[in-house]
Each structure stands twice: as structure tokens, then as C-alpha cells.
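A.B. asks: here is a sequence together with a model predicted from it:
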Amino acid sequence: MVENKVLLRVENLKKYFPITRGLLGRRVGAVRAVDGISFDIKQGETLGLVGESGCGKSTTGRAILQLHKPTSGNVFFENVNLTKISAEELRKLRPKMQMIFQDPYTSLNPRHSVGKIIAEPMVIHGVMSSQQLKNRVAQLLELVGMNPNFVRRYPHEFSGGQRQRIGIARALSLNPSFIVCDEPISSLDVSIQAQVVNLLQDLQEKLGLTYLFIAHDLSMVKHISHRIAVMYLGKIVEFTGRNALFDNPLHPYTQSLISAVPVPDPQVERKRHRIILEGEVPSPANPPKGCVFNTRCPLAIDICFETPPEYREVQPEHFVACHLVKESDQNNLDCEP
Amino acid sequence: MGQLILEVKDLVTKFYTLEGIVHAVNGVSFDLEEGEALAIVGESGSGKSVTVMSILGLIPSPPGKVESGHAYFAGKYGRCDLLKLTPAELRNVRGGQIGFVFQDPISSLNPLLTVGEQISESLVKHLGMSSEEAKKKTTKLLEQVGIPVPKIRYNNYPHQFSGGMRQRVMIAIAIACNPAIIIADEPTTALDVTIQAQIVDLFQRLRNVIGVAVIWITHNLSVVAGFAERVLVMYGGRVVEIARVDDLFARPQHPYTIGLIGAMPRLDARESKRLVSIEGTPPDMLIPIIHCPFAPRCSYAFERCWQEIPPLITVGEQHRTSCFYDLDKRRPRDG
């Protein structure tokens, strides 16, 4: 159930990675991976963060959890500003915020048994007898749909989908309220993707979890999310509810992104009008002046090359950063999926 | 019906590894018409790539070995069995009469040669052009696949191109010698969705302009829904269903195909229904198949599915499936 209480609030978050040259590591520039984004996540909600490779969506997830120290901006988790508190205070909050990684092959230690992998966060964060630990691990394995007798096995004995379940069990071990899912299904086969997505949804219902679901697959993001933020070159270009985003996409990038996603239906596909974007995403080390999308935007006008558009609420709960969108604008472009 | 240009019959390919024999392809048959767009769909390990690699003689041997089967190709010089050709003859077919595009363009291009040199190489080799002619034609090809300022790009190296642009270069190489078939193995999997749309669009245009037949291998049914004319679904190294694209989506006749379609969320759906997931995991290819490979994951499986391998049977016009269960009548098939 999505409640009205805001669990996490991100304010003007920035993460720049320095580009250095030479022996002394002279700083010659910065990759603006995340360049001033703001949004909030409500208790019990799944917020989808979608964008193409290099748009900064994974960096956003990591910067929220303070795995990358943000360059500037604030992250409030249950009204505590994570960017301002001490390392010790942060450590105490960590159990509530967990992460599920993209690659289930590299995110599990191959030399640890499944039992040890799942128990590790509990060993680090709490005092539990070994019997309690054993019970808890068995319970977690069952929760993610695996046989509790697998505790002695090692990651290489499992398929990708099963490994992802182990990763999920580890993330759940400390009873978190918020989980960043960083492309949790993109390395899995289609039939296994559905298993993992169903599991994540079941767990959300059962445990009242809040997710930040990062992915590049728009159809999957739409399926699982309540609200969706679309990122392009370090910025959020559009942010609104899942149906509003697909029924009434306002930003030209969102429109073309939606039109580019194939639908598993040959009759629909043949009739679809695709907005094919020219060119490719510019480098975040050298973003274009004005609107970051101006190099590929089919509608760009003079002002788009001069001033960056303001990120604003044009309709209730519908945020967009585009000069061409007027208040209470209805899109008139044909971009029905 | 058009002329058949490729007929694959009972193809069997195995890999002899330290862990045992991998039964990668277990009796695959299909055909391809002139100018047709055929999609081969399957998950990792289903044998879809090995099937086409076997046809092209690109299976590393050892450990791989094409055990049996035929692949009749009606090329420029008459009909021949690709699996019986000498390596030299096969080289002539590859690149000359059958072009191919792989998933990962960076590892398929030579980093030490300019892209222009790599495209003109096949023109000189297969068509016997002079280097002058080849250069002219290459510039034209680069333009045809949508690379801006082709005259300058001719002299660039692969690392100076982005992923999408490299894939365009691969396509230019594939179509350079006017092949009868292009085989594209997951050509858009490594690309972003907006770039994927560009590449699918390019293939569609090339088919219209040069009338080349395309075999498109993918794990994603949606990508080929609007592009393919027929779809072949593979599972466990076998063909489980083959049908015209509309029939496959409207009336899938194999439980695996139904599962694959149900497992994909649709962007145009208003409400998100729970996804249909196929429980269990794909088969271990080290174990030889003695029953229906999908039986362990199939909710319709009955006794017979565990006793014999279902053959491909015709269930409609150009529609074949390998399943003992009749999904329309909701009971096992007769006979």
C-alpha cells in the first residue's frame, strides 16, 4: 500500500566525477553523472528510474545510499539528512536501506556459502546467536522461494535467477524499509525476469517495502512502478505517475523513448508511428549548453540552445523540464505506444 | 510462396567439453524463402546461435562438432549443402553470399584497420573490385546505412564510433557483396532502446531496398514482432514452434511460447497484471534429451511428455509445434 508519508526526499542531488590528467592528477574537468535532481519516494511505493546507459540512473541510486558521496545536494531518509550525518550514524541507518545489484555473478562472493552470504549483514549489524542466525537464514531462503537446505551450497551451483534470489534474501536480512534495485533483472532471461519481478512485488506487499527500481527497460519499469522518473544526461526530464507518463508524456525525450519500445504484438507494431531519434547521447563530461536534450530533440527552438529549462510542476504531480511544455499542456504528438 | 534459399534439415551440433557432452542443437529443421524475414527466438542456451554458427561453419572445433544434418543453400552457383563444403568454398559463401551481424560490434571489428578498409576488404576479395572501385562503393555503403559524412568516416577506426554506429558499420560489411541472406545474431541487444529502434528501422529499409532475406536471432519477442514474417521458437536445442508472426502471437500452440509471451509486460497495457512466470530453470544441456525438454517446467505435461520427444507436427497453415498437448481442445493430441 502506498501511503502519503514521504520516506525519502532527494533535493538538488549532484554527483560529479573528476577527470584528471597527468602524474599529479591535475583536475581538468568533471563527468556530471548526476546534475541536480530532486524527487521524493513515498512509503510503500515503487519509484521507477528509467533512462539509457550513461544517463546517471545507477549513480543516483548509489548516491542516495551514500555509496558515492554526493558532490552536493541533500538526501533525507525519514527526515534525517544522510549527507550531513557522521559515518557512525550512517552505519546505524544502513540496515534500513539496502541494495539489490544488477549482476548476480559478481555481487556474491564465490568463496562464501549461501548461508554465510545471507547471514553476513546480520553478523555485522547485530547480536544474534548462531541458532537464531540459522533459523533466520532458512526463513529468508523460504521467503525468496528457495529451498532452505541450500545454505551449504556455493553461488556457482545456482543459475542467474536463483543467484538474484540469494541477493534479494541478503538485502532483506536486516528488515529494511527501503531497497534500491539497480537493474535487478537485466542480466536474466525473459522467463526468469518474470519470476524475479513477481517475487519483488510479493515481497513489497508482504513486508511493506519501498523500492527505487532502476532499469532501462521501460515496459518492465511501467509494470512494477507507481511513479516513474525519466532521466537523460544526469537530469530528470519528466516525473509523474505511471499511467500519466504513458497516456500523456510531455517531454519530447519521453515521447520518443515510449515510441521506441517494442510491443509484443505484431499488429500493433506494424501500425505504430515511431519517433526515431537522430544521433546519440552526448558525453556527460561535456553536456550541451541549454537543454541537455537539444542535440537530439526534433522540436528544439532557439531558447533550448541558450537556457536550461526549469524543472517544474506543469500539472498536479506531473513534473517536466522542457521549454516547449506550457502549463496544463496536453501533448498533441502521436506517440501512443 | 517464394523460392527457398535455405533448407536446414535435422541439424545436430554437440560440444565435447571436460564436463561432458553439451547437446547444443538436437535436430533442428527450418527453411527460409527469398527475401523473407525469419526470427529465431529463444533464451540463453536454447541453441539459437549455435544453429546458425553451425550452418556458417563457424563452430570452433574442437570442442564443437556438427554431427549430422544438411543445410541446403541455393546460392549464386547453384544448390549446395553448406555442411559439406570445403573451408575455402565456405569462406566464399560467408561474407559473399551470406552476410552476418553479431551482437557485439566492438569485438567483431578489427581495431587496427579503418572501417573503410574493413568494408572494402570483402568487396575486393569476393567481388574482385579494384581498390578504387571498392572505396567508392564503400562510401556509398556507409551512406546507405546512415553514417553521416561517409567520406571522412571511411578513414576512422572502430574506437571512434559509438555502439550504434559500429553496428551500422557491421551491417555495411554484411550487405557489401549483395548477399542473399543476412544473419543477425542479437544485433540490438547491446544497444539502448532508442538506438535499437534506429537499427530495426535500418534493417527494415534494407529489406525493402535490396530485398535481402534476414534471419534475426533474439531473446526478445517484442523486438521482432513488427519486423519478422515468421518466428521460430527454440528451447533446449530444439524447435518447439514455428509460425507466421501473427499466428504465433494470436494463437501460440506451445506452452513455452505462451509462457514467453506472458512473461513480457506490455507498454500499452493500462493495468499491470501479474506476469506469467515459467517456474523452474532451463534444461541442463549436458544431459541428453530423452523426453520433451520443456516437460519439467510445463503445467500441461502428462505421462507421454516424459516418455518420448515430441516431433514437430503441423497445426495450421505454416504453423508447426512440438507438443503432445492440444491447447485448443484442452486434451492430449490423438495418435
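C.D. replies: All right, it came through fine.
A.B. asks: what's the host helix or strand of A:Ala33 packed up against?
C.D. replies: Per DSSP states H and E: A:Ala33 is located in strand A:26-42. Where contact means 3 or more Cβ pairs under 8 Å, 6 or more residues apart in numbering or on different chains; DSSP states H and E, strand A:26-42 is packed against strand A:6-21, helix A:57-64, strand A:210-215, strand A:227-232, strand A:235-241. For glycine as for every other residue, the C-beta is placed from the backbone atoms N, C-alpha and C.
A.B. asks: A:Lys42: which of the ones you listed is closest?
C.D. replies: Closest to A:Lys42 of these is strand A:6-21 (Cβ to Cβ; 5.8 Å).
A.B. asks: quick one: average pLDDT of the closest one?
C.D. replies: Across strand A:6-21, pLDDT averages out at 93.
A.B. asks: residues of it that come out buried?
C.D. replies: Applying a neighbour-count criterion of 16 or more other Cβ atoms under 10 Å in any protein chain shown, one finds A:7-11, A:13-17 buried in strand A:6-21.
A.B. asks: in chain B, which helix is the longest?
C.D. replies: helix B:193-210 (DSSP state H).
A.B. asks: find the closest residue to chain A in the stretch 201-335 of chain B.
C.D. replies: Proximity of the stretch 201-335 of chain B to chain A (Cβ to the nearest Cβ) peaks at B:Gly226, 2.8 Å away.
A.B. asks: where does the nearest residue to that residue once chain neighbours are set aside land on pLDDT?
C.D. replies: Excluding the flanking residues, the one nearest B:Gly226 by Cβ to Cβ, 6 or more residues apart in numbering or on different chains is A:Glu269, at 2.8 Å. Reported pLDDT at A:Glu269 in the predicted model: 88.
A.B. asks: now the helix or strand bottoming out on mean pLDDT in chain B: how far from the chain's centre is it?
C.D. replies: Least confident helix or strand, chain B: helix B:105-108 with a mean of 79, by mean pLDDT, DSSP states H and E. Centroid separation for helix B:105-108 versus its chain: 18 Å, with Cα atoms, centre = their mean, to the nearest Å.
A.B. asks: contact partners of that helix?
C.D. replies: Residues outside helix B:105-108 that contact it (Cβ atoms under 8 Å, 6 or more residues apart in numbering or on different chains): B:102, B:158, B:163, B:166-167, B:169-170, B:190.
A.B. asks: tell me which parts of the stretch 101-250 of chain B are close to chain A?
C.D. replies: For the stretch 101-250 of chain B, the contact set with chain A under Cβ under 8 Å from any Cβ of the partner chain comprises B:162, B:164-165, B:192-198, B:200-201, B:219-223, B:225-228, B:245-246, B:249.
A.B. asks: and for B:Arg274, the neighbour number?
C.D. replies: By other Cβ atoms under 10 Å in any protein chain shown, the residues close to B:Arg274 number 12.
A.B. asks: for B:Gly128, same thing?
C.D. replies: Count around B:Gly128 with other Cβ under 10 Å applied: 9.
A.B. asks: do the one 10 residues further on as well
C.D. replies: Here the neighbour count serves as a burial measure; for B:Thr138 (other Cβ under 10 Å) it reads 25.
A.B. asks: so it touches B:Glu121, yeah?
C.D. replies: No - shown here, B:Thr138 and B:Glu121 do not form a contact pair, counting by Cβ atoms under 8 Å, at 9.5 Å.
A.B. asks: who touches both of those two?
C.D. replies: Joint contacts of B:Thr138 and B:Glu121 (Cβ under 8 Å, 6+ apart) do not exist.
A.B. asks: and the contacts of helix B:105-108, which is closest to chain A?
C.D. replies: B:Gly163 (8.3 Å).
A.B. asks: what separation do you get for the closest one and A:Phe239?
C.D. replies: Distance, B:Gly163 to A:Phe239, by Cβ to Cβ, to the nearest Å: 28 Å.
A.B. asks: pick out whichever of those two has more residues nearby.
C.D. replies: Higher neighbour count among B:Gly163 and A:Phe239: A:Phe239, with 27 against 17, using other Cβ under 10 Å.
A.B. asks: in contact with the more buried one, which residues?
C.D. replies: A:39, A:227-230, A:318-320.
A.B. asks: most widely separated two among the residues you listed?
C.D. replies: A:Arg227 and A:Val320 (13.5 Å).
A.B. asks: mutual contacts of those two, please.
C.D. replies: With Cβ under 8 Å, 6+ apart, A:Arg227 and A:Val320 have common neighbours A:239-240.
A.B. asks: those two: which has the busier surroundings?
C.D. replies: Neighbour count, other Cβ under 10 Å: between A:Arg227 and A:Val320, A:Val320 has more, with 24 against 20.
A.B. asks: ok but that one is inside a helix, no?
C.D. replies: No - A:Val320: not assigned to a helix; according to DSSP: H, G, I helix; E, B strand; the rest coil it is strand.
A.B. asks: state the pLDDT value of it.
C.D. replies: 95.
A.B. asks: just B:Ile147 next, same as before
C.D. replies: 87.
A.B. asks: so which bits of stretch B:149-159 are buried?
C.D. replies: By neighbour count, with 16+ other Cβ under 10 Å as the criterion, the buried positions of stretch B:149-159 are B:150, B:153-154, B:156-158.
A.B. asks: in the chain, where is pLDDT below threshold?
C.D. replies: The chain I'm using is chain A. A:1, A:327-337 (pLDDT under 70).
A.B. asks: think we crossed wires, I meant chain B
C.D. replies: Short version for chain B, where the test is pLDDT under 70: B:1, B:335.
A.B. asks: make it 80
C.D. replies: Scanning chain B for pLDDT under 80 picks out the ranges B:1-2, B:76-77, B:95, B:104-106, B:270-272, B:335.
A.B. asks: the stretch 201-337 of chain A against chain B: which residues are in contact?
C.D. replies: A:201, A:216-220, A:222-224, A:243, A:246, A:256-270, A:272, A:274, A:276-277, A:280-281, A:336-337.
A.B. asks: okay, and which of those map to helices?
C.D. replies: A:201, A:218-220, A:222-224, A:243, A:246, A:256-260, A:266-270.
A.B. asks: among the residues you listed, which ones are buried?
C.D. replies: Of these, these count as buried by 16+ other Cβ under 10 Å: A:201, A:218-220, A:222-224, A:246, A:256-260, A:266, A:268-269.
A.B. asks: count the neighbours of the closest residue in space to A:Gly54 that isn't next to it in sequence for me.
C.D. replies: Once flanking residues are discounted, A:Gly54 sits nearest to A:Val281: 6.0 Å by Cβ to Cβ, 6+ apart. Neighbour count for A:Val281, taken as other Cβ under 10 Å: 22.
A.B. asks: check contacts around A:Val281.
C.D. replies: Taking Cβ under 8 Å, 6+ apart, one finds A:52, A:54-55, A:232-233, A:296, B:192 in contact with A:Val281.
A.B. asks: what do you get for B:Arg207?
C.D. replies: Per Cβ under 8 Å, 6+ apart, neighbours of B:Arg207: B:35, B:37, B:214.
A.B. asks: need the contact list for the first one.
C.D. replies: Residues in contact with B:Gly35 (Cβ under 8 Å, 6+ apart) are B:2, B:207, B:211-213.
A.B. asks: are we agreed that A:Gly167 is in a strand?
C.D. replies: No - per three-state DSSP, A:Gly167 lies outside any strand segment and is helix.
A.B. asks: and for B:Glu33, the neighbour number?
C.D. replies: 16.
A.B. asks: next up, the contacts around the residue of chain A at minimum distance from chain B.
C.D. replies: Nearest residue of chain A to chain B (Cβ to the nearest Cβ) works out as A:Glu269 at 2.8 Å. Each residue near A:Glu269 by Cβ under 8 Å, 6+ apart is listed here: A:262-263, B:222, B:225-227.
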